[in-house]
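1. could you work out the structure for the sequence below:
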Amino acid sequence: MTVLVQPGEAPVAVVEEPPTDRAAALEPPPHGDRLRGWLVTAVVTLIGAVVRFWNVGYPTDKGTPIFDEKHYVPQAAQVLRNGGYEDNPGYELIVHPPLAKQLMAIGQDLFGYDGIGWRFASALAGAITILLIVRIARRLTRSDLLGALAGVLLIADGVSHVQSRMGMLDIFLALFVVGAFGCVVADREQVRQRLAVAVREGFVNNSPFGPWLGFRWWRFGAGVCLGLACGIKWSGIWYIAAFGLLTVVWSALARRAAGVEEPWLGSLAKDVLPSLGGLVAIPVLVYLVTWFPWMASETGIDRHVVGTKVQDVAYVPDVLQSLWYNAKNVYKFHVELVTSATNRHPWESKPWTWPMGLRPMLYYYDNSVTGCGQASCLGAIMLIGTPALWWVAFPAIGWAIWRAVGRLDWRYAAVLVGYMAGLLPWFLNLDRQMYFFYVTPMAPFLVLLIVLALGEILGRAGAGSERRGTGLLVVALYTGIVVANFVWLWPILNGNPITPELWQQQLWLPSWR
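-> I've put the predicted structure just below:
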């Protein structure tokens, strides 16, 4: 205890927090029974895989792909034929990096050029995303029950379900973004554990900025995942910025909790540069690796434009000049893809409608099918966010903001960052054509927001039996409503034959028509 006395003032006692208390505060709570946690994860993931793969090859458009599969499935076939790259511009519609099509090519190689081959990789990505969300929710809440609940809710999300059964790109973006988020959360724990060791061993304040934290494998893993995300779509760049900021802020807060004299300056001095390496340089390198087959090709699109369409620049490799030329063309396509009076897609939507899924998308419609038990049948696939999940988005976001700002709960702040990184960038250019399937990476973060709120309703493990029982009843009822809602939508999430009357009953809102 140190006593500070100013002239004319009574003594003020300042109690130094013992190092052991600081170290204990830095240590994360125990993870619980690891074996049980993995068993829960395995069971939920298996259920999710069955749901995602169930009849995944159906439907087709008279044996051809449906909706935007018509772009990406043939491109994946080119990738398979050529060993990793596209060679036919297809009306200049090769406007995304190659990784998703390389992954889809694996399915075509295994199962052939049919519905299963087109969608196998997507369904597998959807199943792995369920596994990740269970583990992440468990790490955030230290609850096997809430981890399992997160998996069940993601299984029952219409957006995640449909995108996992389409030969499109966005489910792969969601997979790698969620993987990066899980790595960032694990990195936070690793940082705090290392600082706890520094506190216990007495070298935390050898510098006013605190200690160096060593090589952070989880941050490296996040960088790899973010590079893979950018190899799917360039929108992965926003997650690089969002998660990079998270790691720096968390490091500063951890240093402050460890008693570092200058925690924020310490984070800037000792964490920013390594973060730039782990979450910028590594993603760039990984992104370039996804282009290696194209770089090694002779017939890849725009591969050999130097000297013809591009003037050679000394000391810059031709392959990088060609890649830059290709990137500029792709960027030009996206910038010029705007809504106009004569160029409006019937299912276009704007980002302010996305949190509640007010404008879904019709992927498939065929009124000549049979098998519904009546003379007139139809089959349809509509990308709909399960209303019982998506219609509580704004209350969930409001609660999360209050918890993050009012209670400084890092978990809500982290999930909000992941959710908003998928939403807010689309407000920067509202003239651009936009579609509801862009929310695919947002869906897992919505599930996490809801699960964190359900954890508050459930109550702590040490709460009384009546409190826990009431909370468990509310959580079970809500989960049952979500699952029932998903089951109700099942026919139009999978293209099953239904009657015209049932089709009309599925369209709850005028904006769904």
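
2. so which bits of the helix or strand encompassing Tyr331 are buried?
-> Secondary structure from DSSP states H and E places Tyr331 in helix 318-336. By 16 or more other C-beta atoms under 10 Å, the buried positions in helix 318-336 come out as 318-319, 321-323, 325-326, 329-330. C-beta here means a position set from N, CA and C on the backbone, and glycine is covered the same way.

3. run the chain-centre distance for stretch 359-378.
-> 31 Å (C-alpha atoms, centre = their mean, to the nearest Å).

4. helices or strands up against the longest helix belonging to the chain?
-> For the chain, the helix with the greatest residue count under DSSP state H is helix 170-201. Secondary-structure packing of helix 170-201 (3 or more C-beta pairs under 8 Å, 6 or more residues apart in numbering; DSSP states H and E): helix 19-26, helix 99-111, helix 115-141, helix 158-163, helix 217-230, helix 236-257, helix 410-423, helix 442-458.

5. now do that helix, average pLDDT.
-> What helix 170-201 shows for mean pLDDT is 96.

6. do the same with stretch 83-97
-> The pLDDT scores in stretch 83-97 average 81.

7. could you list the buried residues of it?
-> Burial within stretch 83-97, assessed by neighbour count using 16+ other C-beta under 10 Å, is assigned to 84-87, 94-97.

8. roughly how far is it from the heart of the chain?
-> In terms of C-alpha atoms, centre = their mean, the centre of stretch 83-97 is set 25 Å apart from its chain centre.

9. and stretch 250-269, by the same measure?
-> 28 Å.

10. again, but for stretch 259-278
-> Averaging C-alpha positions (C-alpha atoms, centre = their mean) puts stretch 259-278 26 Å from its chain's average.

11. show me what it is in contact with.
-> 17, 19, 22, 199, 204-205, 207-213, 216, 219-220, 222-223, 244, 247-249, 251-253, 255-256 (C-beta atoms under 8 Å, 6 or more residues apart in numbering).

12. put the buried members of these into a PyMOL selection.
-> Applying 16+ other C-beta under 10 Å to these leaves a buried subset, and the PyMOL line that selects it is:
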select buried, resi 19+22+199+204+205+209+210+211+213+216+219+220+222+223+244+247+248+249+251+252+253+255+256
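
13. need the helices and strands packed on helix 170-201 in a markdown table with distance to Ala476, can you?
-> What follows is these, written out as a markdown table (distance: least, C-beta to C-beta, whole Å):
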| stretch | distance to Ala476 |
| --- | --- |
| helix 19-26 | 34 |
| helix 99-111 | 37 |
| helix 115-141 | 17 |
| helix 158-163 | 21 |
| helix 217-230 | 34 |
| helix 236-257 | 33 |
| helix 410-423 | 22 |
| helix 442-458 | 10 |
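
14. pick the most buried one from those helices.
-> Per residue and on average, the most neighbours among the helices and strands packed on helix 170-201 fall to helix 158-163, with a mean of 28 (mean count of other C-beta atoms under 10 Å).

15. hey, C-alpha coordinates of that one in PDB?
-> Provided in PDB are the C-alpha atoms of helix 158-163 (Å, rounded to 0.1, in the frame of the first residue of the first chain):
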ATOM      1  CA  GLY A 158     -32.700 -20.500 -44.800                       C
ATOM      2  CA  VAL A 159     -30.000 -18.300 -46.200                       C
ATOM      3  CA  SER A 160     -27.200 -20.600 -45.100                       C
ATOM      4  CA  HIS A 161     -29.100 -23.700 -46.100                       C
ATOM      5  CA  VAL A 162     -29.900 -22.600 -49.700                       C
ATOM      6  CA  GLN A 163     -26.400 -21.100 -50.300                       C
END
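
16. would you list the strands that the very next helix or strand once past the helix holding Tyr331 pairs with, along with their directions?
-> Downstream of helix 318-336, the first helix or strand assigned by DSSP H and E is strand 361-366. Strand 361-366 sits in its sheet next to strand 379-383 (antiparallel), going by DSSP bridges.

17. if we can go back for a sec, of all the buried residues of stretch 83-97, which two lie farthest apart?
-> Greatest spatial distance in these: Gly84 and Val95, 18.0 Å, computed using C-beta to C-beta.

18. where are the low-confidence patches of this structure?
-> Applying pLDDT under 70 to the chain flags the ranges 1-20, 90-92, 343.

19. apply 90 and report the result again.
-> The chain contains residues with pLDDT under 90 at 1-33, 87-94, 205, 307-315, 335-346, 373, 459-468, 513.

20. rewinding a little: and which of the buried residues of helix 318-336 is nearest Phe437?
-> Val330 (18.7 Å).

21. tell me the contacts of the closest one?
-> Going by C-beta under 8 Å, 6+ apart, Val330 touches 95-96, 234.

22. does Tyr315 belong to a helix, a strand or coil?
-> At Tyr315 the chain is in coil, as set by DSSP: H, G, I helix; E, B strand; the rest coil.

23. quick one, phi/psi of it?
-> Taking degrees, to the nearest 10, you get phi 70, psi 0 for the backbone angles of Tyr315.

24. burial of it, as a residue count?
-> When neighbours are defined as other C-beta atoms under 10 Å, Tyr315 has 4 of them.

25. got CSV for the contacts of Val330, with secondary structure and distance to Ser376 too?
-> Below are those laid out as CSV (DSSP: H, G, I helix; E, B strand; the rest coil; distance: C-beta to C-beta, whole Å):
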residue, secondary structure, distance to Ser376
Val95, coil, 39
His96, coil, 39
Trp234, coil, 44
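
26. quick check, nearest of those to Glu348?
-> Nearest member of the contacts of Val330 to Glu348, counting by C-beta to C-beta, is Val95, at 17.1 Å.

27. so how far is Ala443 from the closest one?
-> 23 Å (C-beta to C-beta, to the nearest Å).

28. what's the answer for Pro30, then?
-> Taken as C-beta to C-beta, the span from Pro30 to Ala443 is 30 Å.

29. right, and Leu228 touches Val178 too?
-> No. Leu228 is beyond contact range of Val178, at 11.6 Å (criterion: C-beta atoms under 8 Å).

30. residues touching Trp358, list them.
-> No Trp there; residue 358 is Leu. If you count contacts by C-beta under 8 Å, 6+ apart, Leu358 has them with 349, 509, 511.

31. and of these, the nearest to Ala186?
-> The nearest one, if we look at these relative to Ala186 and count by C-beta to C-beta, is Ser349, at 34.6 Å.

32. got phi/psi on the closest one?
-> Residue torsions, per degrees, to the nearest 10, at Ser349 are phi -150, psi 170.

33. OK, contacts around it?
-> 358-359, 361, 434-436.

34. highest neighbour count among those?
-> Phe436 (23 neighbours).

35. can you tell me how far that residue is from Leu458?
-> 31 Å.

36. could you report the neighbour count for Asp431?
-> Neighbour count for Asp431, taken as other C-beta under 10 Å: 10.

37. same deal with Ala156?
-> Count around Ala156 with other C-beta under 10 Å applied: 24.

38. make 881 the starting number, not 1.
-> Renumbered: residue one is now 881, and that last one reads Ala1036.

39. I'd say it and Trp1368 touch.
-> No. In this structure Ala1036 lies outside contact range of Trp1368 using C-beta under 8 Å: 10.8 Å.

40. quick check: the farthest pair among the buried residues of helix 1198-1216?
-> Asp1198 and Val1210 (18.7 Å).

41. what are the buried residues along stretch 1256-1263?
-> 1257-1263.

42. can I get that stretch as PDB, trimmed to CA atoms?
-> Written as PDB, here are the backbone C-alpha positions of stretch 1256-1263 (Å, rounded to 0.1, in the frame of the first residue of the first chain):
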ATOM      1  CA  SER A1256     -51.100 -28.800 -61.000                       C
ATOM      2  CA  CYS A1257     -47.700 -28.600 -59.200                       C
ATOM      3  CA  LEU A1258     -44.800 -26.400 -59.100                       C
ATOM      4  CA  GLY A1259     -41.200 -26.400 -57.700                       C
ATOM      5  CA  ALA A1260     -39.400 -23.300 -56.500                       C
ATOM      6  CA  ILE A1261     -36.300 -22.300 -54.600                       C
ATOM      7  CA  MET A1262     -36.300 -19.000 -52.800                       C
ATOM      8  CA  LEU A1263     -33.500 -17.600 -50.800                       C
END
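
43. thanks again, I'm all set now.
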